[in-house]
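Trainee: Here is a sequence with its predicted model. Questions after.
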Amino acid sequence: MGAAVERSPPPLEIIASSTQVGKTETILNAIAYSIDQDPGPALMVMPREDDCISMSTRRVRPMIESCERLKRHLSEKKSDNRQKEIRFVGSMLYFAGANSPADLASRPIRYLFADEVDKYPAFSGREADPVALAIERTRTFWNRKIVLTSTPTTRDGYIWREFEKSDQCLYYVPCPRCQEFQALEFRAIHWPEDERDPARIRDHRLAVYRCIECGSEIADNEKPRMLRAGVWVPEGKKVGRDGTVRGIEPVSHRGFRINCMYSPWIGWSDVAAKFLEAKDNVPLLLNFVNSWLGYVWEEQAEKIDPEALAARSDSYERGTVPDGAVVLTAGVDVQADSFYYVIRAWGYGERSWLIEAGQIETWEGLIRHVFQGDFPGASGGQHRVRLTCIDSGYRTDEVYRVCREWLELARPVKGQQRMASVPIRAVKIDRDFGGAPIRGSVRLWHVDTSHFKDKLVRLQGTPDDQPGAWRLHRDPGEDYLRQVTAEHKILKRNKQTGLTKSEWVPKPGGGPNHWLDCEVYATAAADMLAVYTLKDGTQGDEQQPRRPADGASFIRDDQHRQRAGGWVTGGGDGQRRGWIK
């Protein structure tokens, strides 16, 4: 017997896209390639049996008969060609409706092409999920190919669930001016502020696309050249000005998402006009989000816009601590090649002020600036960050090492949605050979991100003259404002029970959310320090916070009980001190 062939996971490809941008045409091209270049039994699945007959007679057969290279592979027996079967020399192409279990389970296949999977029934007759049934047919082929496509519907829809498991590629195109690559997003389409007539915007071509990087205006006639130079970029990867994508790794589950703005037949003004026609009508808006933006529909519960957040800007300068601030906290989001950070000052009634939001490339730079940096007060004096929460979901061992070295100033955190009973809890991570916690061990702090995002929205909406007012310095920057508002809270409905639950998710086209995560961690650090117990009219070390109730064990750190130091800062000698219960 020969050596056994190692079988890798099936090469699964997901295409989530708006309508009429070529996803079905992609399937037809793949079918044509398999017929002419790499024959094998194939199955194309459509939502209903009528759909698969229409696809066979109106699109697939005309494609084959109009191309000599494909036509020569057809079987010469007329009986071999039926409505739902086309026989070739050495291969077969079958068609099946997702509602027909017999068609889905009757034969082995090498190629599976499933179109509009979000329109499939949950069950095929009395059988299981139709996609699962069809995938089972590919099991006997080590070199199988599975392609699933659909216009997204909801976050719970099949195509979106599978897309989120993939490498989530977006198509990046270069700006004609600055040459920076970017994915086309609806938020970059602009039209005159005083113009709200969709017909005028469409007829007079009043909308333009503004480059996300340099802000220059891009006209409709420049789009074809941009599309020809585009590249697919997996989530988290970067593309240089030469179009080279760095850090791509082989994966068995590829995902691609594309929206209507990439269509050469749709202009920026067409998209803007369609949005204005739909924005006040929920059914029309749902269609715009699904069919034009290629994104999932979500019922929105909580949100805040960049424009509303910009109104929270105050007159103080970046890096300056305003009067009334008592303690500084920081949050850090760890990335592969850099660190995003936010430093926020807190005062009476949980008033807070953004001191800095930035990005640093090295641990040394982060320690020097955030842990050891002095920040001048508006009326004199110097302030230092009292506690920093660092995301430990990435480069975990490095985060733990730094937190061990700066035990009183830094804590590793791990975000979770909807924790039970308390929004913060800690567990020791350093243990001996017997599994017992080591005295003085660093702790991992679990943080309920939903709780703190809800709290951020509440604080951001608090009037300036009220306790809890949430302020920004004079020039926070557009990128910061976009990132802090990159998520919104939606309601997810259970189709069987009708019950809803809320969840924070990225907005369509919202982009990165690093500084939002940093604000969440900085707010959690303030809660760990019980900043909410500060009383009016006191500042600095004159104010001792009220100790939390005995049940609030999530802010307890027994190893520091004997280290009394100042609560807010460590004094001029730079000693790392502080109050923690």
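Mentor: Good, I have the coordinates. Here the structure is a predicted model, which means the values were calculated and not measured.
Trainee: What mean pLDDT does stretch 115-124 get?
Mentor: What stretch 115-124 shows for mean pLDDT is 79.
Trainee: Over to stretch 389-403?
Mentor: 92.
Trainee: all strands for the stretch 351-500 of the chain, in order.
Mentor: Ranges of strands in the stretch 351-500 of the chain, per DSSP state E, counting those that start in this stretch, are 352-360, 375-376, 382-383, 385-391, 410-416, 424-428, 443-448, 470-471, 487-493, 500-506.
Trainee: For the fourth one, which helices and strands make contact with it?
Mentor: Which is strand 385-391. In terms of contacts (3 or more C-beta pairs under 8 Å, 6 or more residues apart in numbering; DSSP states H and E), strand 385-391 is packed against strand 325-334, helix 396-405, strand 410-416, helix 514-528. All C-beta atoms are positioned from the backbone trio N, CA, C, and that covers glycine.
Trainee: so what strands line up beside the third one?
Mentor: To tie it back to what came earlier, the one meant is strand 410-416. Its sheet considered, strand 410-416 pairs with strand 385-391 (parallel), strand 443-448 (parallel) by DSSP bridges.
Trainee: mind putting the helices and strands packed on strand 385-391 in JSON lines, distance to residue 33 and mean neighbour count included?
Mentor: Below are these laid out as JSON lines (distance: least, C-beta to C-beta, whole Å; neighbours: other C-beta atoms under 10 Å):
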{"stretch": "strand 325-334", "distance to residue 33": "42", "mean neighbour count": "26"}
{"stretch": "helix 396-405", "distance to residue 33": "43", "mean neighbour count": "16"}
{"stretch": "strand 410-416", "distance to residue 33": "44", "mean neighbour count": "23"}
{"stretch": "helix 514-528", "distance to residue 33": "40", "mean neighbour count": "27"}
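Trainee: Nearest to residue 312, out of those?
Mentor: Residue 312 lies closest to helix 514-528 among the helices and strands packed on strand 385-391, at 12.2 Å (C-beta to C-beta).
Trainee: quick one, helices of the stretch 451-581 of the chain?
Mentor: 478-484, 514-528 (DSSP state H, counting those that start in this stretch).
Trainee: And the ones you listed, which one averages the lowest pLDDT?
Mentor: Among the helices of the stretch 451-581 of the chain, helix 478-484 scores lowest, at a mean of 91.
Trainee: Now do stretch 348-355, average pLDDT.
Mentor: Throughout stretch 348-355, pLDDT has a mean value of 93.
Trainee: And the contacts of it?
Mentor: With C-beta atoms under 8 Å, 6 or more residues apart in numbering as the test, stretch 348-355 has contacts from 314, 316, 318-322, 324-326, 328, 342-347, 375, 459, 466-473, 476, 526, 531-532, 534-538.
Trainee: Give me the spatial nearest neighbour of the spatially most central residue of the chain, chain neighbours excluded.
Mentor: For the chain, the residue whose C-alpha lies nearest the mean C-alpha position (C-alpha atoms, centre = their mean) is residue 506; its distance is 5.3 Å. Using C-beta to C-beta, 6 or more residues apart in numbering and skipping residues adjacent in sequence, the residue nearest residue 506 is residue 487, 5.6 Å away.
Trainee: How much space separates that neighbour from residue 246?
Mentor: 27 Å (C-beta to C-beta, to the nearest Å).
Trainee: How about residue 349?
Mentor: As judged by C-beta to C-beta, residue 349 and residue 246 stand 47 Å apart.
Trainee: Give the residue from the two that has the larger number of neighbours.
Mentor: Neighbours per residue (other C-beta atoms under 10 Å) separate residue 349 from residue 246, with residue 349 holding more: 17 against 9.
Trainee: Wasn't the more buried one part of a helix?
Mentor: Yes. Residue 349 forms part of a helix when assessed by DSSP: H, G, I helix; E, B strand; the rest coil.
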